[in-house]
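Colleague: quick check, what structure comes out for this input:
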Amino acid sequence: MTAAGRERSSGRLLTALAWMVLLLGLWLWGREATGVRPGASTAATGDVTGVGRPAGMPLPPAAEPLRGALPRRVDIPELGVQAPVVARGLDARGAIDPPPYDQAGVVGWYAAGVRPGAVGTALMVGHVDTETRPAVFYKLSTLKAGGTIRVARDDGKTAEFTVDDVAVVPRVGFDAHRAYGVREPGRAELRLITCGGAFDRVSRSYTANVIVSAYLTGTRA
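Modeller: Numbers count the residues shown, from 1 in each chain. You can find the predicted model right below:
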């Protein structure tokens with residue numbers, strides 16, 4: 001293998017390890033979610049840095065949750081994102097498989113969790129970039145409170161979510177419950193997750209994750 005080839009392989013391995021850290025947190029969240037106290041708050045405080053929630057900004061009321069249906073596509077009008085969704089499960093090591101690197105425009109949905117639009121928190125992950133180009137969630141951190149996320153489902157309905165806030169969560173001291181837990185019991189909520197923070201050129205990995213929190217505010221046929 002050439003030196004350039006070894007460098008590319010090393011970069012892919014380190015990026016994969018960074019995803020494993022994040023996704024292992026998701027796995028632990030999924031296994032322990034029933035242990036979260038009913039009504040417990042998961043506000044973005046402490047080591048969770050909010051970047052998209054202006055103080056006092058009014059947001060629309062939550063809509064009634066829908067019956068569960070499989071997600072097919074994610075549309076984010078403000079970012080020009082129209083991405084297919086693939087179900088992801090756990091790999092042999094017990095971590096959630098992210099979308100393949102050769103499918104940079106695809107969003108992964110944690111299929112062992114909540115279906116988007118149903119009560120609870122549905123989790124979706126996507127890459128911010130690859131070694132050569134931006135990926136599906138490259139501009140995710142630029143979303144603002146009040147923005148719209150639409151999830152087309154296999155029942156013919158489109159669940160429309162309103163962004164509540166955007167946070168950059170450092171991987172050091174990561175708390176999966178605070179990042180992914182239900183904010184208001186009884187609501188249908190959505191989290192979009194990608195890499196964020198600073199890019200460490202030595203380890204070739206990111207230091208944090210961008211987490212967009214949204215909740216169901218409407219439905220389109």
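Colleague: and residue 142, its phi and psi?
Modeller: When read as degrees, to the nearest 10, the backbone of residue 142 gives phi -90, psi -10.
Colleague: for the closest residue in space to it that isn't next to it in sequence, give me its contacts.
Modeller: Leaving aside its sequence neighbours, residue 142 sits nearest to residue 79 (CB to CB, 6 or more residues apart in numbering; 7.2 Å). All C-beta spots, glycine's among them, are computed from the backbone N, C-alpha and C. Contacts of residue 79 were listed using CB atoms under 8 Å, 6 or more residues apart in numbering, and they are 139-140, 142-143.
Colleague: may I see the ChimeraX selection of the buried members of those?
Modeller: When burial is assessed using 16 or more other CB atoms under 10 Å, the buried subset of the contacts of residue 79 is captured in ChimeraX by this command:
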select :140,143
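Colleague: list just the nearest of the contacts of residue 79 to residue 107.
Modeller: residue 140 (10.6 Å; CB to CB).
Colleague: test my guess that that closest one contacts residue 194.
Modeller: Yes: in this structure, residue 140 is within contact of residue 194 by CB atoms under 8 Å, at 5.2 Å.
Colleague: now list whatever residues contact both of the two.
Modeller: 126, 128, 210.
Colleague: among these, which are in strands?
Modeller: residue 210 (DSSP state E).
Colleague: circling back: could I get the contacts of residue 79 as TSV with secondary structure, distance to residue 198 and pLDDT?
Modeller: TSV is the format used below for those (DSSP: H, G, I helix; E, B strand; the rest coil; distance: CB to CB, whole Å; pLDDT from 0 to 100):
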residue	secondary structure	distance to residue 198	pLDDT
139	coil	17	95
140	helix	16	96
142	helix	17	95
143	coil	20	96
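Colleague: so can I have CSV of the contacts of residue 79 showing distance to residue 160?
Modeller: Formatted as CSV, the contacts of residue 79 follow (distance: CB to CB, whole Å):
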residue, distance to residue 160
139, 20
140, 18
142, 20
143, 15
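Colleague: from memory residue 77 sits against residue 143, does it?
Modeller: No: if you go by CB under 8 Å, residue 77 and residue 143 don't touch, sitting 10.6 Å apart.
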